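> Structure, please.
(2 chains)
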Protein chains: 2
Amino acid sequence: MADTKEKKNVKCSVYIATSADGFIAKPDGDIEWLHRPEYTVDNLEGMSYDEFIATVDGLVMGRHTFEKVLSFGVWPYEGTTVIVLSGSGMEIPDHLAGKARVLSGTPGDIVAQLGEEGYTHLYIDGGNTVQQFLRAGLIDEMTITCIPILLGDGISLFGAIGKEVPLRLIESSSSDNGFVQVRYAID
Amino acid sequence: MADTKEKKNVKCSVYIATSADGFIAKPDGDIEWLHRPEYTVDNLEGMSYDEFIATVDGLVMGRHTFEKVLSFGVWPYEGTTVIVLSGSGMEIPDHLAGKARVLSGTPGDIVAQLGEEGYTHLYIDGGNTVQQFLRAGLIDEMTITCIPILLGDGISLFGAIGKEVPLRLIESSSSDNGFVQVRYAID
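Got it, this is the predicted structure:
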């Protein structure tokens, strides 16, 4: 039981948007639908991404999410170290030296190692990675913004993680563009 | 194009509870988890089931949902005609004569026939039936109550309906037990 929450001193949080049918991306990984003109709004209620990321000192993602981010051409995580989970010795591009690193191991191993290095709050991102960390009982908080659309198909946020996890609602809010944000703690 | 909303004069609504990971029942159809003691609360915000059902004159469900309801031993839909969708000529038990009936056909056929009979507001229930009616473009409104739990596996509310459907948020509310209710229109 290396993967129990009692033993860790690092908070692990999820901050993510999903369609109302639970997809975080289209089947090909596309997330452009999140930025449609009809979602433009003066004020977004709830916790903004900027507020959230300011509390984070490490961002943990899988290789697929990392490769998706690289395809953007712009590095959006300046100031936050990105930890890419990969068992197969992938290489970080030179221009990201010092900004991103690769780790392998179980979610428990990863959290233990980063805790020893002094990390205090990890942002766990990407459907597959979130599911692994949930299964390992390592997620403390989830902020989920529900977009008013059924995508019909895509990459699931939760899928079938095969384990029951009680949640505690911390707060919920809605914005004029129809976004509903819920924040849950996992105690 | 018999299945377009323009041609119908019957409103079709969904009123359902899901886990935060989008399941309406456990894999075996069990919905007992909805009634756990920790969800007891003095006041539920949003639209109550009683308020909703009072506006409905027909409840459309699939055979599986109907058989699940029969297994309860008590008929919970007194006052609302239940329409069971089945292509294979199932029989309604004698004690439900006049309370439940069987229809077969496409969602568009069902809605057209019930509209001709004078129905004005249909409650579309059960994951499979909801998905069929969404695919056919026949759902006007959905009230979804999100329960603060990841079930980990089960029967999906939406699954992958294979079609994009924009939603319009009408309202959202949360209750002290952590339930978050959202109401969407499909225009």
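
> Could you list the low-pLDDT ranges of chain A?
Within chain A, the ranges that satisfy pLDDT under 70 run A:1-7.

> Those residues of it touching chain B, which are they?
Chain A comes close to chain B at residues A:20-22, A:38, A:134, A:144, A:146, A:148-154, A:157-169, A:171-172, A:174, A:178-180, A:182, A:184, as judged by C-beta under 8 Å from any C-beta of the partner chain. C-beta: built from backbone N, CA, C; applies to glycine.

> Show me those residues that map onto helices.
Counting by DSSP state H, the residues of chain A next to chain B place A:L134 in helices.

> Only the buried members of the residues of chain A next to chain B: can you turn that into a ChimeraX selection?
The ChimeraX command for the buried members of the residues of chain A next to chain B (criterion: 16 or more other C-beta atoms under 10 Å in any protein chain shown) is given here:
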select /A:20,21,22,134,144,146,148,149,150,151,152,153,154,157,158,159,160,161,165,167,169,172,174,178,179,180,182,184
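
> Give the pairing partners of the lengthiest strand in chain A; include direction for each.
Looking across chain A with DSSP state E, the single longest strand is strand A:11-19. Applying DSSP bridges to the sheet, strand A:11-19 is found paired with strand A:121-125 (parallel), strand A:141-147 (parallel).

> can you give me how far it is from the chain middle?
Once both centres are worked out by C-alpha atoms, centre = their mean, to the nearest Å, strand A:11-19 turns out to sit 5 Å from its chain's centre.

> Past it, which element shows up next along the chain?
Toward the C-terminus, strand A:11-19 is succeeded by strand A:23-25 as the next helix or strand (DSSP states H and E).

> so what does the helix or strand following that next one touch, helix or strand wise?
Next in sequence after strand A:23-25, counting helices and strands by DSSP H and E, comes helix A:49-53. Counting by 3 or more C-beta pairs under 8 Å, 6 or more residues apart in numbering or on different chains; DSSP states H and E, the packing neighbours recorded for helix A:49-53 are strand A:11-19.

> Now the strand it packs on - C-alpha only, PDB.
The C-alpha coordinates for strand A:11-19 follow below in PDB (Å, rounded to 0.1, in the frame of the first residue of the first chain):
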ATOM      1  CA  LYS A  11      -1.500  17.700  -2.800                       C
ATOM      2  CA  CYS A  12      -2.700  16.400  -6.100                       C
ATOM      3  CA  SER A  13      -5.300  18.300  -8.000                       C
ATOM      4  CA  VAL A  14      -7.200  18.000 -11.300                       C
ATOM      5  CA  TYR A  15      -8.400  21.100 -13.200                       C
ATOM      6  CA  ILE A  16     -10.100  20.200 -16.400                       C
ATOM      7  CA  ALA A  17     -13.000  21.000 -18.800                       C
ATOM      8  CA  THR A  18     -15.400  18.300 -20.100                       C
ATOM      9  CA  SER A  19     -18.400  18.200 -22.400                       C
END
